[in-house]
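Novice: only geometry, no sequence info:
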């Protein structure tokens, strides 16, 4: 059976394992997710489960997880952190932190111009952006622009901490997004 849940990123902390190793973990609060709807091959041409979780008192978040018909939970069931165990490998998806308008050095890892040999104030400039023909900049040219705020998936993260009374999951490593944002956890 595939494992999945929606949760709210709380933040990062350090916990210590039994052999006194420090583990950097991201805490995710996973309130019980309500199964709203099951999609079937006959009705919808694909199989999936639609989950609902509250963002705050007024808003909620919906997300579909594709899975086999035999693995589907019943409509109206609640999915909790009980489906996961310590040591499980999961992938976590979310919207990354938005960084606003950035130059080419930060956005595309350009190395910049040398600080000598005739360069005076253009150290962080992109350099040449095209040739004499055709007389326009080609599509897809790496230039300055808005960075971040995109969907990102981090794979092979290990669950190292589970608190069933507080609905908390501790995932070893960094998880995309700002604190308080909804992320998807799938195993």
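Specialist: Cool, the structure landed. Please read all numbers here as calculations on a predicted model, not as lab measurements. Numbers count the residues shown, from 1 in each chain.

Novice: I figured residue 11 hits residue 177, correct?
Specialist: No: assessed by Cβ atoms under 8 Å, residue 11 is found out of contact with residue 177, at 10.9 Å. C-beta here means a position set from N, CA and C on the backbone, and glycine is covered the same way.

Novice: the more surrounded of the two?
Specialist: residue 177 (21 against 12; other Cβ atoms under 10 Å).

Novice: so which strand or helix has the residue nearest to that one when sequence neighbours are not counted?
Specialist: Closest residue in space to residue 177, ignoring its immediate chain neighbours: residue 94 at 3.9 Å, by Cβ to Cβ, 6 or more residues apart in numbering. Using DSSP states H and E, residue 94 sits in strand 89-95.

Novice: what residues are up against the closest residue to residue 173 other than its chain neighbours?
Specialist: Distance criterion Cβ to Cβ, 6+ apart; nearest residue to residue 173, sequence neighbours excluded, is residue 157 at 5.0 Å. Listed by Cβ atoms under 8 Å, 6 or more residues apart in numbering, the contact set of residue 157 reads 89, 90, 91, 92, 171, 172, 173, 175.

Novice: No more questions from me, cheers.
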